[in-house]
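Peer 1: Generate coordinates for the sequence data below:
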Amino acid sequence: RRYTIKLWKQFQELFNALPLAAIIENKIFCIHGGLSPDMNSPEDLSRVVRPIEVPDTGLLCDTLWSDPDKDVVGWAENDRGVS
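Peer 2: Predicted coordinates for the structure are as follows:
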């Protein structure tokens, strides 16, 4: 084992506090994962109080784990089964 559980927990705490998205020069919407059917506008993300543990479903989970796919119309579960 190369790293300690304590270090892993510290990274989890960090990830739970990082911003969910950014808007650059009012033109580019940057997000880690993808969009969510629960999101009506980027402002919805500003209502998420951080730090927070990521739930299994919903806006926060989708934002971090959804995978855009050019072959999918609408919404579908990704290959990882997360969002």
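Peer 1: From here on, just use CA atoms for contacts and neighbour counts.
Peer 2: OK.
Peer 1: gap between the most centrally placed residue in the chain and residue 30?
Peer 2: With distances taken as Cα atoms, centre = their mean, the chain has residue 64 as the residue nearest its mean C-alpha position (1.7 Å). Between residue 64 and residue 30 the distance is 12 Å, computed by Cα to Cα, to the nearest Å.
Peer 1: Could you pull up the residues touching residue 36?
Peer 2: Going by Cα atoms under 8 Å, 6 or more residues apart in numbering, residue 36 touches 58-59, 62-63, 66.
Peer 1: Tabulate these in JSON lines, adding columns for pLDDT, secondary structure and distance to residue 22.
Peer 2: What follows is the contacts of residue 36, written out as JSON lines (pLDDT from 0 to 100; DSSP: H, G, I helix; E, B strand; the rest coil; distance: Cα to Cα, whole Å):
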{"residue": "58", "pLDDT": "91", "secondary structure": "coil", "distance to residue 22": "19"}
{"residue": "59", "pLDDT": "93", "secondary structure": "helix", "distance to residue 22": "16"}
{"residue": "62", "pLDDT": "90", "secondary structure": "helix", "distance to residue 22": "16"}
{"residue": "63", "pLDDT": "90", "secondary structure": "helix", "distance to residue 22": "12"}
{"residue": "66", "pLDDT": "88", "secondary structure": "coil", "distance to residue 22": "17"}
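Peer 1: Show me just the buried residues among the residues you listed.
Peer 2: Neighbour-count burial (16 or more other Cα atoms under 10 Å) applied to the contacts of residue 36 gives 59, 62-63, 66.
Peer 1: ok, so of the contacts of residue 36, who is nearest residue 15?
Peer 2: Distance ranking of those against residue 15, using Cα to Cα, places residue 63 first at 13.2 Å.
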